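1. Take this sequence and fold it.
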Amino acid sequence: PRHAAALLLLGQVKYLQRQFAQAADALSQHLSAKPDSTGARKLLGAIHLELKDPEAALRVLAPLEKRELSDPHFLSILGATYMAKGDTEKGSRYLSRAAKGAPETAPIRTQLAVSHLATGDVENAISELQAAIVLDPTFSRADVLLILTHLRSRNFETALEAAEELAGKKPDAPAAHNLLGATLEGTEDRDAARSAYEKARELDPGYLAATLNLARMALQDGDKEIARTEYEKALLSEAGHPVALVALAKLASDSGDVTTALRLLNQARSANTKALEPRLVLGNYYLRRNDTVFALELASEATRIAPRRADALLLLGRAQLASRQIRRAITTLTELARAQSEWVEVRLHLARAHGANRDTDAARRELGKVLEIDPNNLRARAGLAALDIQVGRTERERALQVAKELQKIRPEAAAGFVLEGDARLASGERAKAIG
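-> The predicted structure is shown next:
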């Protein structure tokens, strides 16, 4: 029993110190000895949420789900757990009950606002956040979420009012001034935005978000040297930061230094196993170089990190196609086309995959869908004309007409001339094809 009490105390102390992994370990050991310790179970559930593990949180909280439904604090943890699992219906229900049980508690009202945002109910989310701010003006998470909600809704003036109020309440908090800078950018007051970011960094020279914002603004203004300096400062604050390394890699690439760009991108990839952007950039680079093995490896890493990210899935489908994994490419690109039905690029690559699979009808269908979305798409028209060349004389003549049109529209592009050569060669006009 003494040992169990010591573990509970250790878990509480580590939680307050935000050392969540150690806190979880101590509380798990405590619950092994004292499985009926309700307070420890609730705290461990909250810790698993902090560790981004809602499944573990739910396992810990499950024994309490039916007997602690009158406790608003427990209901708020349970609601947040279901929200993190993606069950917005259950999450919203528990959070609503928590707010009814403790209407004067700002953190619970804020969690309820998050559930409203998850279901697209922006109006009620704003009402809950405003209530939370009135209930506890020191609970800045409600202020931050209110500002971000207005920014996402592009209500920049309203966001600016809220951001100025937060900066007034928290004059020494760099995050408040950084958020003020973001709202000022939304109102297109770039000089004031830059000053706000500089104030944030003045308060904390190591505050990374402000440095990255200053670097981004310098890039937008076309001042690459200032941007480079700012990104290098960011790396002093956090060596291996993927955003800074990828940005520096792009600057190096723009100046023609491909070796340095690749070194920085690989450094970003090695430094952070969850960094998506360096893998996407490297994957596309190696795909252009026809290094299909490495491109496929990077695409696979990217989709493990972000299984639903459209750009990662497109890279995977293209890498599979380039590696002659045609059926896999068709599966990947078909699923992506269902999710992103208006994305022309996906359908163009899917048409190529069907063509490689000798399914010209399917290829033709996808190219037709591209032209429904973008009637003047040159690649789709060229693709259909290339399919026509394979069919017969009448279709080849139509392909030749398309080739001539493409040459007029894009005289600098090779596609129209290549298509004309293919059409003439298929029609037996070898001399004209070569000429």
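2. which residues touch Leu235?
-> By CB atoms under 8 Å, 6 or more residues apart in numbering, the residues touching Leu235 are 241, 244-245, 248. Placement of C-beta: from N, CA and C, glycine included.
3. Let's have these in JSON lines, adding distance to Ala167.
-> What follows is those, written out as JSON lines (distance: CB to CB, whole Å):
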{"residue": "His241", "distance to Ala167": "25"}
{"residue": "Ala244", "distance to Ala167": "26"}
{"residue": "Leu245", "distance to Ala167": "31"}
{"residue": "Leu248", "distance to Ala167": "31"}
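4. What is the nearest of these to Arg352?
-> Nearest to Arg352 among the contacts of Leu235 is Leu245, at 32.5 Å by CB to CB.
5. Other residues contacting the helix or strand that contains the closest one?
-> Secondary structure assignment for Leu245, by DSSP states H and E: helix 242-254. Under the contact criterion CB under 8 Å, 6+ apart, helix 242-254 has outside partners 212, 215, 219, 224, 227-228, 231-232, 234-235, 238, 258, 260-262, 264-265, 267-268, 271-272, 275, 277-278, 281.
6. For Asp36, grab the count of nearby residues.
-> By other CB atoms under 10 Å, 8 other residues sit near Asp36.
7. Gly101 and Leu69 touch, don't they?
-> No: counting by CB atoms under 8 Å, Gly101 sits too far from Leu69 to count as a contact (9.4 Å).
8. Please enumerate the shared neighbours of these two.
-> Common neighbours of Gly101 and Leu69, using CB under 8 Å, 6+ apart, are Leu75.
9. check which helix or strand covers Ser28.
-> Using DSSP H and E, Ser28 maps to helix 20-33.
10. on contacts alone, who are the packing partners of that helix?
-> Helix 20-33 sits against helix 2-16, helix 38-50, with contacts defined as 3 or more CB pairs under 8 Å, 6 or more residues apart in numbering; DSSP states H and E.
11. Give the buried residues for the last one.
-> Of the residues in helix 38-50, those buried by neighbour count under the rule 16 or more other CB atoms under 10 Å are 40-49.
12. same check, this time on stretch 262-277
-> Across stretch 262-277, burial judged by 16+ other CB under 10 Å covers 262, 264-265, 267-269, 272, 275-277.
13. residues contacting the residue nearest to Glu342 when sequence neighbours are not counted?
-> In space, and not counting its chain neighbours, Glu342 is closest to Ile373: 5.7 Å by CB to CB, 6 or more residues apart in numbering. Neighbouring residues of Ile373 by CB under 8 Å, 6+ apart: 342, 344, 347.
14. among those residues, who's most crowded?
-> Within those, Arg347 tops the neighbour count with 28 neighbours, counted by other CB under 10 Å.
15. What is the neighbour count of Pro222?
-> Just so we're on the same page, residue 222 is Gly rather than Pro. 8.
16. can you tell me how far it sits from Ala362?
-> As judged by CB to CB, to the nearest Å, Gly222 and Ala362 stand 45 Å apart.
17. Please tell me how far the residue nearest the centre of the chain sits from Ala302.
-> Residue closest to the average C-alpha location in the chain (CA atoms, centre = their mean): Arg309, at 6.9 Å. Arg309 is 7 Å from Ala302, where distance means CB to CB.
18. shared neighbours of these two, anything?
-> Leu276.
19. so where's the chain shaky on pLDDT?
-> Counting by pLDDT under 70, the chain contains low-confidence ranges at 1-2, 388-435.
20. Now with 80, please.
-> 1-2, 66-69, 381-382, 385-435 (pLDDT under 80).
21. So what touches the helix holding Ser28?
-> Here helix 20-33 has contacts from 1, 3-4, 7-8, 10-12, 14-15, 37, 40-41, 43-44, 47-48, 50-51, 60, using CB under 8 Å, 6+ apart.
22. Only the buried residues of that helix, if you could.
-> With burial defined by 16+ other CB under 10 Å, the residues of helix 20-33 counted as buried are 20, 23-31.
23. Nearest to Leu179, out of those: which one, please.
-> Taking CB to CB as the measure, Leu179 sits nearest to Phe20 out of the buried residues of helix 20-33, at 25.0 Å.
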